[in-house]
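*Asks:* Below: sequence and its predicted model.
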Amino acid sequence: MNKALRRAVIAGNWKMNKTPGEAAELMEQLKPLCEGAGCGVVVCAPFVDLHAVLEAAQGTGIGVGAQNCHWEQSGAFTGEISAPMLASMGVQYVIIGHSERRQYFGETDATVNRRVRAALAGGLTVILCVGEVLTQREQGVTCELVGMQTKIALGGVAPEELKNVIIAYEPVWAIGTGRTATAEQANEVCRAIRGTVSSLYGAAAGDAMTIQYGGSMNAGNAAELLAQPDVDGGLIGGASLKPADFAAIIAAAGK
Ligand code: PEP
């Protein structure tokens, strides 16, 4: 399938930044800059900011996402938030398996899979993060590893649910480091992920899957990364907190 037929999505991951008041302010700055975007635009905010961000996003076409959700619908899971809770607020997206969750909070491929299935069952669109650490890249196992992460994360996901899945290839060594994968490296791994999806669900499913790159994408390097044939947008951390930079990335994706 022609890349132009897939939906490119630029998603901002605000991580643990912004109070509700600051989030509302940032949305007011972002809104005019996102008007007429030629790609999907999503903002993934901290849980406590979601109400303010949803309110600000009304009528703008900007999608709103959370940064995690639990695999159960409710119960004795202190500190957790479930997919139905998010969906009932009007949240449409959720990041699952971000490397910071894997690195600092014990997230495993198995728990990522449980969260993915729960999020889909709850009606959310999942932004599933996969990616290798530097030693794994140096050992030459990136594509196998990312393929395995993808396969485990999608275990039990039905073909008809795939339209609600976006995969973000995020090399861990590039996240928040200012070090970006080359456009060739990004495309090679995004293509490998597409191959994994095709092997699981058929070529049409692989062709249709939106696969983002994430890892120090910014206003300066976005155009080259986003022009790659298998890169369908980006998951943006630091630069998503800077309205002008985020807007420049959105503009690059819309070309
Ligand atoms: C991220 O948090 O997913 C990310 C890609 O961060 P950054 O753009 O800051 O590297």
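*Replies:* Perfect, I can see it now.

*Asks:* quick one: whichever residue of the chain sits closest to the ligand and Ile249, what's the gap?
*Replies:* Of all residues in the chain, Gly237 sits closest to the ligand, at 2.1 Å by C-beta to the nearest ligand atom. C-betas here are computed from N, CA, C, even on glycine. Noted for Gly237: a distance of 11 Å to Ile249, by C-beta to C-beta, to the nearest Å.

*Asks:* With neighbour numbers in mind, choose between the two.
*Replies:* Neighbour totals were compared for Gly237 and Ile249, and Ile249 leads with 28 against 23 (other C-beta atoms under 10 Å).

*Asks:* for the residue lying closest to that one once chain neighbours are set aside, what are its contacts?
*Replies:* Spatial nearest neighbour of Ile249, excluding adjacent residues (C-beta to C-beta, 6 or more residues apart in numbering): Ala222 at 4.3 Å. Contact analysis of Ala222 by C-beta atoms under 8 Å, 6 or more residues apart in numbering lists 234, 248-249, 252-253.

*Asks:* Which members of those additionally contact the ligand?
*Replies:* Taking C-beta under 6 Å from any ligand atom as the test, the ligand is in contact with none of the contacts of Ala222.

*Asks:* just to revisit the earlier point, mind pulling up the pLDDT for the residue nearest to Ile249?
*Replies:* Ala222 is assigned 97 on the pLDDT scale.

*Asks:* Mind jotting down where the helices sit in the stretch 1-150 of the chain?
*Replies:* Secondary structure of the stretch 1-150 of the chain (DSSP state H, counting those that start in this stretch): helices at 20-34, 50-57, 83-89, 99-104, 109-121, 134-138, 142-153.

*Asks:* which bits of the stretch 1-150 of the chain sit near the ligand?
*Replies:* Going by C-beta under 6 Å from any ligand atom, the residues of the stretch 1-150 of the chain near the ligand are 13, 15.

*Asks:* Try it again at 5 Å.
*Replies:* Proximity of the stretch 1-150 of the chain to the ligand (C-beta under 5 Å from any ligand atom) is limited to residues Asn13.

*Asks:* give me the low-pLDDT residue ranges for the stretch 1-150 of the chain?
*Replies:* 1 (pLDDT under 70).

*Asks:* just to revisit the earlier point, with adjacent residues omitted, what lies nearest to the residue of the chain closest to the ligand?
*Replies:* In this structure, Gly237 finds its nearest non-sequential neighbour in Asn13, 5.0 Å apart by C-beta to C-beta, 6+ apart.

*Asks:* How many residues are close by that neighbour?
*Replies:* For Asn13, the tally of surrounding residues (other C-beta under 10 Å) stands at 26.

*Asks:* now for the longest helix seen in the chain, which elements pack on it?
*Replies:* In the chain, assigned by DSSP state H, the helix with the most residues is helix 183-201. Judged by 3 or more C-beta pairs under 8 Å, 6 or more residues apart in numbering; DSSP states H and E, helix 183-201 is in contact with helix 142-153, strand 165-169, helix 203-208, strand 210-214, helix 222-226.
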